[in-house]
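J.: let me see the structure of the following:
(one chain, ligands or ions: 1)
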Amino acid sequence: MDRLQKVIAEAGIASRRKAEELIVNGKVKVNGKVVTELGTKVDSKDTIEVNNKIIEKELKEYYLLNKPRGVITSTSDDKGRKTVIDLIDTTARIYPVGRLDYDTTGALLLTNDGDFANILTHPKNNIDKVYLAKLNGIIKGEQINKLKDGVMLDNVLVKPSRVKLKKVDPSKNTSMVEITVHEGKNHEVKRLFESVGFLVDKLTRERIGIFNLEGLKSGEYRKLTPKEVQIVYGNKK
Ligand code: URA
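T.: The predicted structure follows:
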């Protein structure tokens with residue numbers, strides 16, 4: 001059972017706030033009767049009408065994309081740049097779960113299921129977001145330890161659950177570091193490395209929770225299996 005305003009919003013008729021207005025103003029019927037109670041619960045068997053038009057409930061869809069560089073993580077772009085939505089062949093109103101920068105590559109989930117998206121993005125659920133960062137410069141143990149101790153970002157202590165030096169290349173003056181975080185703050189990984197004096201030259205998200213890039217080349221995507229969706233719901237705290 002879901003709240004009526006949520007079902008209306010998820011059908012793409014109106015924002016949740018606007019849906020509440022429609023309900024209070026008597027514009028919504030459930031099984032032929034006007035309902036003005038905001039807390040009303042409905043399920044998939046109920047027929048909902050908004051302004052006397054029956055709403056179609058959209059089926060939930062779930063995708064995992066290997067995001068290429070040069071694509072924005074958004075549902076639209078006012079500058080006309082390609083978005084991650086343009087890469088997925090669907091008519092459902094899907095949106096990205098969290099955000100990868102324009103120049104970041106790797107694992108990105110997309111869905112029209114708000115509850116699923118919330119589970120993956122909420123820090124309290126401790127979902128791993130694993131990144132491989134190529135740094136300009138050679139990172140030292142001391143700087144890695146500083147990251148492990150945590151860094152203040154937006155007045156919150158961000159403490160990566162794992163920081164592992166994978167490789168250094170003295171001839172190119174670069175380091176490869178794998179870092180695992182549970183939040184999804186704007187430019188989080190770049191800001192973490194900046195705080196210890198490094199610019200991130202390349203960034204890839206290798207994994208979100210159980211979802212890695214196995215079998216997906218850059219720009220490719222696949223649908224999640226029902227079992228995978230179930231596992232995510234099992235992570236809810
Ligand atoms: N952290 C960043 O800095 N950028 C991303 O795209 C993702 C995480």
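
J.: going by C-alpha atoms from here, please, whenever you check contacts or count neighbours.
T.: Noted.

J.: is the strand ranked longest in the chain up against the ligand anywhere?
T.: Residue-count comparison of every strand in the chain, with assignments taken from DSSP state E, identifies strand 199-208 as the longest. No: Strand 199-208 lies apart from the ligand when judged by C-alpha under 6 Å from any ligand atom; the minimum separation is 7.0 Å.

J.: which residues does that strand contact?
T.: 103-108, 127-136, 190, 193-194, 212-213 (C-alpha atoms under 8 Å, 6 or more residues apart in numbering).

J.: and what of stretch 215-232?
T.: 61-68, 87-88, 105-106, 116, 119-120.

J.: how far does stretch 194-213 sit from the chain's center?
T.: Per C-alpha atoms, centre = their mean, to the nearest Å, the displacement of stretch 194-213 from the mean C-alpha position of its chain is 15 Å.

J.: picking that back up, now the buried members of the contacts of strand 199-208.
T.: 104-108, 127-136, 190, 193, 212-213 (16 or more other C-alpha atoms under 10 Å).

J.: from the residues you listed, which land in helices?
T.: 190, 193 (DSSP state H).

J.: the buried ones among the contacts of strand 199-208: which ones sit near the ligand?
T.: Filtering the buried ones among the contacts of strand 199-208 for neighbours of the ligand using C-alpha under 6 Å from any ligand atom leaves 104, 190.

J.: figure out the length between the terminal residues of stretch 99-114.
T.: With C-alpha to C-alpha, to the nearest Å as the measure, stretch 99-114 spans 15 Å from end to end.

J.: mind checking the pLDDT average for it?
T.: Stretch 99-114 carries an average pLDDT of 96.

J.: and what of stretch 126-141?
T.: Rounded to a whole number, the mean pLDDT of stretch 126-141 is 97.

J.: alpha carbons only: can I get it in CSV?
T.: These are the backbone C-alpha positions of stretch 126-141, laid out as CSV (Å, rounded to 0.1, in the frame of the first residue of the first chain):
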residue,chain,number,x,y,z
ASN,A,126,26.1,1.9,4.3
ILE,A,127,26.0,1.0,0.6
ASP,A,128,29.5,0.8,-0.7
LYS,A,129,30.4,3.2,-3.6
VAL,A,130,33.8,2.0,-4.7
TYR,A,131,35.9,4.3,-6.9
LEU,A,132,39.2,3.9,-8.7
ALA,A,133,41.0,7.3,-8.8
LYS,A,134,44.1,8.1,-10.9
LEU,A,135,45.9,10.9,-9.1
ASN,A,136,48.4,13.4,-10.3
GLY,A,137,51.4,12.8,-8.0
ILE,A,138,52.7,10.0,-5.7
ILE,A,139,50.5,9.6,-2.6
LYS,A,140,52.2,8.6,0.7
GLY,A,141,51.1,6.4,3.5
